[in-house]
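Chemist: I need the structure of the sequence given here:
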Amino acid sequence: MNPDGGETSRFGTTIHITALDGIVNVNSLFTLAVFIGLAWQPTDPSNSLVSDPKCVAGPKIAEDLICFHVYSFSSFLFSSLVALSLKQAIRIAKTSCETRRLMIFTFDMCHINKTALRTGYLISAVGSVCGCGFLMMALVNVAQIKLGTLSCGSSHTYGAVVPLLTFVPLGLLTYVFFVLFAFTR
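Modeler: Next up is the predicted model:
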């Protein structure tokens, strides 16, 4: 046990740094997508494919679009900053590492507070999941602005929104399952 109450053990830090790199890279791609989405002008009438004036999205949907983009952006940025902080902590701890060679692979084994590392992973994963949820809600609003509101019953809008509301939560549930599985191991 560690004096701060967390369990200290030897971890393959190269594996953890690679996992954190993956989180940062994926979050960076999503952050870029959100940033590009924020640059788009949702109230421009030439950006809509809706011909029925009753089905045109109102200003509330455009406001929600911007809000969800900002929430998504901040969630991905938060998650990336936590992951980068964990990477930095591992690199600082690497000064007391020992390198082990196994066949063609080299592993760095360091003393790292396992509880702190797992908690950091969990916090970063929560930020990524929230960012994906907010991005999904923003995309629902994009579909309503481009194709007509859901209340109009447009088959094109439902054709865009239903797969989005099916596959994204399914992917997020899978991600959460594996994060929690890894958290308990």
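Chemist: so where do the strands sit in this protein?
Modeler: In the chain, the segments counted as strands under DSSP state E are 8-12, 98-102, 105-113.
Chemist: contact partners for residue 58?
Modeler: By CB atoms under 8 Å, 6 or more residues apart in numbering, the contact set of residue 58 is residue 149. Glycine gets a C-beta too; all of them are placed from N, C-alpha and C.
Chemist: distance of it from residue 161?
Modeler: Residue 58 sits 17 Å away from residue 161, taking CB to CB, to the nearest Å as the criterion.
Chemist: what do you get for residue 25?
Modeler: In terms of CB to CB, residue 25 sits 28 Å off from residue 161.
Chemist: who has more neighbours, the two?
Modeler: residue 161 (20 against 12; other CB atoms under 10 Å).
Chemist: who's in contact with that one?
Modeler: Residues in contact with residue 161 (CB under 8 Å, 6+ apart) are 140, 143, 144, 150.
Chemist: repeat that for residue 73.
Modeler: The neighbours of residue 73, taking CB under 8 Å, 6+ apart as the test, are 31, 34, 35, 38, 131.
Chemist: could you turn the buried ones of those into a ChimeraX selection?
Modeler: Only the buried entries of these go into this ChimeraX selection, using 16 or more other CB atoms under 10 Å:
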select :31,34,131
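Chemist: center of this protein, which residue is that?
Modeler: residue 128 (2.5 Å; CA atoms, centre = their mean).
Chemist: what residue ranges in this protein score low on pLDDT?
Modeler: Scanning the chain for pLDDT under 70 picks out the ranges 1-15, 38, 41-45, 47, 94-111.
Chemist: look up how far residue 46 lies from residue 72.
Modeler: Residue 72 is 25 Å from residue 46, by CB to CB.
Chemist: let me fix that: residue 144
Modeler: Distance, residue 144 to residue 46, using CB to CB: 17 Å.
Chemist: quick one: which of these two has more around it?
Modeler: residue 144 (28 against 5).
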